[in-house]
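In: Pasting a predicted model and its sequence here:
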Amino acid sequence: MRSNQFIFVRHGQSQANAEGIIADGAVPLTDKGVDQARITGLEVKKLGITTIVCSPYLRAQQTAQIIAGELGIDLAHIKIIEELRERGLGSCEGKPKVQASEWYSRSDDPTLEPRQTLLDRMHAALENIRAIDSKGLILVVGHVISGFYLSEAAKGARLLA
């Protein structure tokens, strides 16, 4: 296997997800989210994951820790990559989700983190992932919107239309 290959998983259900609220970085997993993380750990066990990286947000760290436990990876070896945090949703954070999901990822509303800035940040995250000394598969635990832009960065996208 080539070094620096990775797969991306979204964190388990958070308390904010369950309540229909736009989350900030301090929202924990629900019991359902904990179960989802355990199931994910069991499902990826056969893939040969050697390293886990995650967003600095609590729900992503909790998901990464639960998966690491299922994989037998020491929690001290989980690497937090600051750039993997979710898109900055400005004044929407902490409030009920009122827009369709796609709006939060595609909107150019000036109160949100600019999409181009997010893509550039995901390129930086990708460089951090590539800098990890791993000869196996890296598991990246993150968020829906930033995960989409990380995927775009991995495909080589530099500019958004």
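Out: Done, it's in.
In: partner residues bridging the most centrally placed residue in the chain?
Out: The centroid of the chain falls nearest to residue 142 when counting by C-alpha atoms, centre = their mean (0.8 Å). Bridge pairing for residue 142 (DSSP bridges) gives the partners residue 10.
In: I'd say it and residue 60 touch.
Out: Yes - with contacts counted by C-beta atoms under 8 Å, residue 142 reaches residue 60, the gap being 5.8 Å. Heads up, the C-betas are built off the backbone N, CA and C, glycines and all.
In: Mind listing the shared neighbours of the two?
Out: Here residue 142 and residue 60 have 11, 54, 84 as joint contacts, going by C-beta atoms under 8 Å, 6 or more residues apart in numbering.
In: Can you tell me which of those residues lies closest to residue 66?
Out: Proximity of those to residue 66 (C-beta to C-beta) peaks at residue 11, which lies at 9.9 Å.
In: ok, the closest one to residue 135 distance?
Out: 26 Å (C-beta to C-beta, to the nearest Å).
In: Who has more neighbours out of these two?
Out: The neighbour comparison of residue 11 against residue 135 (other C-beta atoms under 10 Å) goes to residue 11, with 30 against 11.
In: How about the contacts made by the more buried one?
Out: For residue 11, the contacting residues are 29, 33, 37, 55, 57, 59, 60, 62, 63, 141, 142, 143, by C-beta under 8 Å, 6+ apart.
In: at 10 Å instead, please
Out: For residue 11, the contacting residues are 17, 23, 27, 29, 33, 36-37, 40, 54-55, 57-64, 66, 86, 141-144, 147, by C-beta atoms under 10 Å, 6 or more residues apart in numbering.
In: Filter the residues you listed down to the ones in helices?
Out: Using DSSP state H, 17, 33, 36-37, 40, 58-64, 66, 144, 147 are the members of those that sit in helices.
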